[in-house]
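Q: Fold the stuff below for me.
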Amino acid sequence: MPLPVFHMVKSAPQPVATFSHAAEIDGWVFLTGQMPTWPGEPDRALPDGIEAQTRRVMDNLILVLEGLGLSLANVVQARVYLTQFDRDYAPMNETYKSYFEEGKLPARTCIGVSGLAVGALVEIDLVAKRP
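A: Residues are numbered from 1 along each chain as shown. Here you go, the predicted model:
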């Protein structure tokens, strides 16, 4: 059985803790949850509001995927974490779904949490599969 490969993607935001951007084994790629932080600007203020933060998180996930030669078309599963679930669930969904081709949404779980790193409103992680 092969050992996992751990990936860091230079174009993606610097992780907010000690972890890799992704881990891969047997063609399965597990992307660490991304925060709404800015690539190359770790001290820049987070975007305002759930829509803007969801866009930044999705754009960061795309940077990681592209750095690994993948795209959102390879994503099979997502997990979304929200700190203000009742308030932000619907607007996050509208923003999130705009990133995927109609009818090709990954399986997904959405969880309300009491807090996220860097004071974020949303964090999303993904599982992708190489062709």
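Q: pretty sure residue 11 is touching residue 59, no?
A: No. The pair residue 11 / residue 59 is not scored as a contact, 10.9 Å apart, by Cβ atoms under 8 Å. To be clear about C-beta, it is placed using only N, CA and C from the backbone, and glycine gets the same treatment.
Q: Read off the pLDDT value for residue 42.
A: Reported pLDDT at residue 42 in the predicted model: 87.
Q: any idea how far the closest residue to it other than its chain neighbours lies from residue 8?
A: Spatial nearest neighbour of residue 42, excluding adjacent residues (Cβ to Cβ, 6 or more residues apart in numbering): residue 14 at 5.0 Å. Distance of residue 14 to residue 8, given as Cβ to Cβ, to the nearest Å: 9 Å.
Q: returning to what we had before: so what's the residue count around the residue nearest to residue 42?
A: Counted with other Cβ atoms under 10 Å, residues neighbouring residue 14 total 13.
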